[in-house]
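J.: here's my sequence, what's the structure:
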Amino acid sequence: MKKQLLFAIAPVMVLVACSKNELNDNLAAINQQDDLSNNVVVKEHISPLELLKNERGAVLVYSFTDYPSGQCSHIVSQRDTDANTFMFNENQGIRVKDSYRFESKNNKNICHIRRNADFVHKNQDGKISIRKNAYGSNSNSDGFNVSVTTDPVDSIYFIRPFSTICNPIPMCYYDNMILEWNPESHNPSKILIVAEWNGITMDGSNYNSTITHVEEVDDDGIETLDYTIFDGMPDEALVHLWLVRVNVVNISYNNETNLSLIEALEYAENNPEDYTHLTPDYPEIIPLVTNAYITYGAVGHMPIYLIRNLMDPVP
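T.: Presented below is the predicted three-dimensional model:
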């Protein structure tokens, strides 16, 4: 069970904090929550490919510019952010639930994260029931609160190709195709260019196939696409081009690690009747056992007809 928990939290962003040399039941640590929030370390502009690799919960705040309408909307999306339950041993565990509130202030994004946690017990029939609040006996505890301030992300839109009312889906030649968009000078991250074909062609035929290719490029506003981004897509394919600009935020804690997660798990296994002292005395354990991404982004979508066969050569 310990290995399962370690593998669950290792690959993705973890809210990490550390502890003392020994577990001491006499230490009242509810007031240490403020100390934890002071140790938050925010790392911005993680590679956007990390977002694609993430299989766990994610919170996305992004603008979406869709063509041919050209309208821009702002969306908050939460994926797989229901309460997560982690078992310390066969019968005891902890259930963690995060809630988020977003605002913009002084040209910065601010995300307020509130984390609530409860100890749970698995009965003989396999049902899990809540045993008590993990932050202490007070069920009205505010839990663990962190406010994260990060850089904004400018909306992204296409400059070339471009659609009009008369030409809503432009025809684009696949070889040395030039893509232009509005660059973001203060964005140190790369952007993603995605080409997606869902099997539909210009004459309405449907090949019941889906092909997607991705390029990661600098956010400088122009790129000559590698023709391989259209591999497997036929002449006159209806291709959806996506521009994705993101600021993937990694949150961690900057404490010295004296108590490892393995030691905490061993404590819970060796002291099954006393394991509820673990997090009231050491609330830093709660950020350690779960993970999340906060991602601010901008998405642009443009449908095109992909042209491969020309009657006349391209000048």
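J.: rest of the way, CA atoms for contacts and neighbours
T.: OK.
J.: H277 in helix, strand or coil?
T.: Under DSSP: H, G, I helix; E, B strand; the rest coil, the three-state class of H277 is helix.
J.: actually S155, not the one I wrote
T.: What three-state DSSP gives for S155 is coil.
J.: what does the pLDDT read for it?
T.: Turning to S155, the model gives it a pLDDT of 92.
J.: now it: closest residue in space that isn't a chain neighbour?
T.: Distances taken as CA to CA, 6 or more residues apart in numbering put A298 closest to S155, at 5.1 Å, once the chain neighbours are dropped.
J.: which residues does the one you found form beta bridges with?
T.: Note on A298: beta-bridge partners by DSSP bridges are S63, R245.
J.: ok, it - contacts?
T.: Y62, S63, F64, V153, D154, S155, I156, L243, V244, R245, V246 (CA atoms under 8 Å, 6 or more residues apart in numbering).
J.: out of those, who's nearest K122?
T.: Nearest to K122 among the contacts of A298 is Y62, at 38.8 Å by CA to CA.
J.: which non-adjacent residue is nearest that closest one?
T.: Nearest to Y62 is G297, by CA to CA, 6+ apart, at 4.4 Å.
J.: I'd like to know how many residues surround the one you found.
T.: Neighbourhood size, G297 [other CA atoms under 10 Å]: 23.
J.: just the one 3 residues further on next, same as before
T.: For G300, the tally of surrounding residues (other CA under 10 Å) stands at 22.
J.: which regions of this protein lie under the pLDDT threshold?
T.: Along the chain, the model assigns pLDDT under 70 to residues 1-39, 48-58, 78-81, 135-143, 252-262, 264, 272-273, 275, 279-293, 311-315.
J.: what ranges do the helices span in it?
T.: Here the chain has its helices, by DSSP state H, at 2-9, 33-38, 49-53, 261-270, 278-281, 285-288.
J.: ok, back up a step: would you agree the residue nearest to Y62 is in contact with V246?
T.: Yes: counting by CA atoms under 8 Å, V246 is a contact partner of G297 at 4.0 Å.
J.: what do the two both touch?
T.: V153.
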